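Trainee: Predicted structure and sequence below. I'll ask about it afterward.
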Amino acid sequence: MRTIWIAGFAVCGAIALLAGDAHIGKTLAQAYPNKPIKLVVPLTAGSPVDVVGRLIGNHLSAALRQSVIVENRPGAGATIGAKFVAAAEPDGYTLLHTAANHVIAPAAFKNLTYEPLRDFAPIGATATSPFVVVVTPKLPVKTVPELIAYSKANPRTLNWGYGLGTSPHLIGELFKHVTKVDIASIPYKGGANAITDLLAGQIHMNIGTTATLVPLVNSGKLRAIAVIGEGRHADLPEVPTIEESGVPLRFTFWTGLLAPAATPADIQQKLSAALNEVLANPELIASMSKLGLQPKPGTPQQFGAFLESERRAWAEAVNLTGVKID
């Protein structure tokens, strides 16, 4: 009888401890956030992912009533920043704001030390827009067919720049693979560095986002020859899509928010709710519109499924082009 009493006491004690743990977990989630949140951008300052991250961070700060500090950790195709967040304490105070480079990494990098889907919890997508193909105005081409013809008539004379391991990197290599053009590939630490050299006339071509390139096109500093996305872009209505130009490529620029995988579910839910609140804010929508971007609200489950589909699509692109990064 005494043995039964001791066992019963032990079970009751265990239940009490579990209830206490659950209460503590709930209290921590309710108190979150009670200190500044670090939002890591794994690309260079001034890049489209960085610009969107800072917009999101400013509005999240107001929604969560806590400081959100953006920290750039660029390099190695955005894997340095991602690795940092994957290894961070999963308490909701270190987040990752990234783009397609996150799901390109598993196929393109030979020695990746983290798993981009398993090691992260999807919070939600943040923005989307088309890509734009631009050339220096000094180049005597105004369309994609003219670029292809010029390249084939003048082999080994053209080059293009890209941020290593990014979606424009893969899109450019796919463009070369599909069209069989002879255009040299020039890697940069970030896409912004490639734009600097393009404006200086050191490279001839670039693929980037509307946020970065449309202002330069409108000022006459660059020439847009195609849009890559689901249709023509409102800010460049006369510029055909690359599919209309005879090249079957369709990708979009996107950004999204992730947390370390073991982040408590309550905190993930709180972040998701705050993010969707932010993405519905008219001020944020207007700020994104000026950059040619659209907010992309949704659930963590939707974003997780999207990441899975993107990973498959980019893995196929890596296989086709043979791109590998040490």
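Mentor: Received it, and whenever you're ready, just let me know what you need.
Trainee: Other residues contacting the helix or strand hosting Glu173?
Mentor: Element membership for Glu173, per DSSP states H and E: helix 167-179. The list of residues contacting helix 167-179 from outside it, by Cβ atoms under 8 Å, 6 or more residues apart in numbering, reads 77, 99-101, 104, 108, 131, 133, 148, 160, 162-163, 181, 183, 185, 187, 191, 206-208, 228, 242, 247-249, 251, 253, 314, 317-318, 320-321, 323. Just so you know, the C-beta spots here come from the backbone N, C-alpha and C atoms, and that holds for glycine as well.
Trainee: Just the helices from the stretch 201-326 of the chain, written as ranges.
Mentor: Assigned by DSSP state H, counting those that start in this stretch, the stretch 201-326 of the chain shows helices spanning 210-218, 265-279, 282-290, 300-321.
Trainee: ok, now the stretch 51-200 of the chain?
Mentor: Counting by DSSP H, counting those that start in this stretch, the helices of the stretch 51-200 of the chain are 79-86, 101-108, 144-153, 167-179, 191-199.
Trainee: So what's the residue count around Ser61?
Mentor: Ser61 is flanked by 19 other residues according to other Cβ atoms under 10 Å.
Trainee: Now do the end-to-end distance for stretch 93-113.
Mentor: Start and end residues of stretch 93-113 are separated by 22 Å (Cα to Cα, to the nearest Å).
Trainee: next one: stretch 86-105
Mentor: 14 Å.
Trainee: now it: mean pLDDT?
Mentor: Stretch 86-105 carries an average pLDDT of 96.
Trainee: gap between that stretch and the chain center?
Mentor: 10 Å (Cα atoms, centre = their mean, to the nearest Å).
Trainee: can you check stretch 306-316 too?
Mentor: The answer for stretch 306-316 is 13 Å, by Cα atoms, centre = their mean.
Trainee: Touching that stretch from outside, list them.
Mentor: By Cβ under 8 Å, 6+ apart, stretch 306-316 touches 100, 102-104, 106-107, 116-117, 122, 125, 167, 170, 251, 254, 256, 298.
Trainee: I'd like the mean pLDDT over that stretch, please.
Mentor: 94.
Trainee: Can you name the residues that contact the nearest residue to Gly256 once chain neighbours are set aside?
Mentor: Of all residues not flanking Gly256 in the chain, Ala125 sits nearest, at 4.4 Å (Cβ to Cβ, 6 or more residues apart in numbering). With contacts defined as Cβ under 8 Å, 6+ apart, the neighbours of Ala125 are 254-257, 296-298, 302-303, 306.
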